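J.: fold the following for me, if possible:
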Amino acid sequence: MPNLSDDVRAQYNGAFATIRGIAEVFPESKWLEPHADAYYIPGRIAYHLAAFIDRQLGGGSEDPDFASKLPYGNWMEATAETLPDKKAFLSYYDEVIKRAQSSLAALDDDGVTAPIEPERAHFGKSQIGVHLYNMRELAAHSGELNKMLSEHGIDDVWVFK
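T.: Residues are numbered from 1 along each chain as shown. From the prediction side, this is the model:
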């Protein structure tokens with residue numbers, strides 16, 4: 001019988017590595033510069049991904065004050081002046097990923113297929129719906145960052161495993 005939870009963990013780990021890889025190769029001089037418009041600051045998109053992972057997988061959704069405790073404030077309101085440089089971001093990102101991987105380590109097949117909580121019914125009928133939504137979110141924003149990389153003449157990053 002397939003081990004669904006191992007597959008879920010493996011896909012998250014690939015997504016996490018892709019995001020880190022993008023941040024590592026992104027030019028420092030472009031990290032906090034708006035790209036196309038004021039919203040698309042690479043550091044903001046990366047910070048959003050980190051905060052999203054922390055909320056969804058690192059326990060943040062269990063803390064009603066999670067958003068107020070984010071180290072660089074609300075990602076939607078972040079500016080080049082309030083966002084972390086790459087080094088600080090990667091340090092924060094690594095902490096987030098440790099929390100997420102700890103949570104994911106406890107995931108088993110029953111947890112993946114368990115019914116979803118009523119307050120999260122918009123994700124689907126089972127917990128796999130939440131994980132699929134999370135993957136879509138991570139992929140969408142990784143794609144945005146990769147597009148920015150390619151526009152700077154840098155190969156995109158996609159970690160297979």
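J.: okay, and the nearest residue to residue 12 once chain neighbours are set aside sits in which element?
T.: Excluding the flanking residues, the one nearest residue 12 by CB to CB, 6 or more residues apart in numbering is residue 104, at 6.0 Å. No exception for glycine: its C-beta is placed from N, CA and C like everyone else's. Residue 104 belongs to helix 86-105 when assigned by DSSP states H and E.
J.: now for that helix, which elements pack on it?
T.: Contacting helix 86-105 under the criterion 3 or more CB pairs under 8 Å, 6 or more residues apart in numbering; DSSP states H and E are the following elements: helix 4-25, helix 42-57.
J.: most neighbours per residue, which of those?
T.: Sort the helices and strands packed on helix 86-105 by mean neighbour count, taking mean count of other CB atoms under 10 Å, and helix 42-57 sits at the top with a mean of 23.
J.: quick one: pLDDT of residue 160?
T.: If you check residue 160, the pLDDT there is 78.
J.: which residues are in contact with the residue nearest to residue 12?
T.: 8-9, 12, 57 (CB atoms under 8 Å, 6 or more residues apart in numbering).
J.: how much space between it and residue 5?
T.: 8 Å (CB to CB, to the nearest Å).
J.: same thing with residue 18?
T.: 20 Å.
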